[in-house]
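Peer 1: Build me a structure from this.
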Amino acid sequence: MQLVNEKAELYAAQNSTLQETLLQKILDNTAANHPHAHMLSGSTQGKLLEFLSEMIHPEKILEIGTFTGFSALSLAKGLQKKGILHTIELREEDASIAEQYFNASAYANKIKLHQGDALKIIPELEDEWDLVFIDADKVNYINYYELTLPKLKSGGWIIADNVLFHGQVLETEVKGKNALAIQGFNDHVKNDNRVEQVMLTVRDGLMLIKKI
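Peer 2: Here you go, the predicted structure:
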């Protein structure tokens, strides 16, 4: 299902600030060479993540799902002077690619990359988070949410990507394990009195969640 009118999406991109050289390189190289390039946050969404991070101005960010590093570098732009971003990637090859981009960036000393299973890594991290970005395997969204919410500061934020899951959650009968997992996650957050949330129809859907 096409969620966003292609002309509107192109118009939005044309009227948004261009990405800096390194971030554009990640976009271009991933699109040209990665078999799952569709998993990358688009340029406009990346700029939105950057702006949200700059508005929140976090000291500690956790990203679950690094992919090739584009979203981490977008979010890192809002970090406080002594801030740090932890990012977790399951796939060794993607983690290696992302690390190369991190080392080439101005945020090499502000990004800590963890390669492995986020369900095991998150409990080992002792930080309290100002901002969490969830963009990993959909079947574990609720698990990631429940692992991170207790460590999220009061007034802190979770951003969850793909909450419309290619429009499949809009169908009369939702099918497929990933679509069902996202529908379950959306319902879980909606019924959670610990948070407030707003769902944005940007790209594949972003949910902004604020801990009360």
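Peer 1: For Gln183, see how far away Met199 is.
Peer 2: 12 Å (C-beta to C-beta, to the nearest Å). Bear in mind the C-beta positions are built from the backbone N, C-alpha and C, glycine included.
Peer 1: Please state the offset of the helix or strand in which Ser154 is found from the chain centre?
Peer 2: Per DSSP states H and E, Ser154 falls inside strand 152-161. Relative to the chain's own centre, strand 152-161 is displaced by 12 Å; criterion: C-alpha atoms, centre = their mean, to the nearest Å.
Peer 1: Skip ahead from that strand and say which helix or strand is next.
Peer 2: Next along from strand 152-161, by DSSP H and E: helix 177-190.
Peer 1: what's next to that following helix, contact-wise?
Peer 2: 138-142, 145, 160, 162-166, 168-169, 171, 174, 195, 197, 199, 207, 209 (C-beta atoms under 8 Å, 6 or more residues apart in numbering).
Peer 1: Stretch 82-89 now?
Peer 2: 58-67, 69, 72, 75-76, 79, 95, 98, 107, 110-116, 118, 121-122, 125, 127, 136.
Peer 1: Narrow the residues you listed to those in helices?
Peer 2: Among the contacts of stretch 82-89, the members found in helices (DSSP state H) are Ala72, Leu75, Ala76, Ala95, Ala98, Ala118, Ile121.
Peer 1: rewinding a little: can I get the buried part of the contacts of helix 177-190 as one ChimeraX selection?
Peer 2: Provided next is the ChimeraX selection string for whichever of the contacts of helix 177-190 are buried by 16 or more other C-beta atoms under 10 Å:
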select :138,140,141,142,145,160,162,163,164,165,166,168,169,195,199,207,209
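Peer 1: how many neighbours does the closest residue to Ala104 other than its chain neighbours have?
Peer 2: Once flanking residues are discounted, Ala104 sits nearest to Leu22: 6.2 Å by C-beta to C-beta, 6 or more residues apart in numbering. The burial count assigned to Leu22 is 16, neighbours taken as other C-beta atoms under 10 Å.
Peer 1: how about Leu22, secondary structure?
Peer 2: Here Leu22 is helix, with the state taken from DSSP: H, G, I helix; E, B strand; the rest coil.
Peer 1: So it versus Ser154, what's the distance?
Peer 2: 34 Å.
Peer 1: Could you do Gly205 as well?
Peer 2: From Gly205 to Ser154 the distance is 26 Å (C-beta to C-beta).
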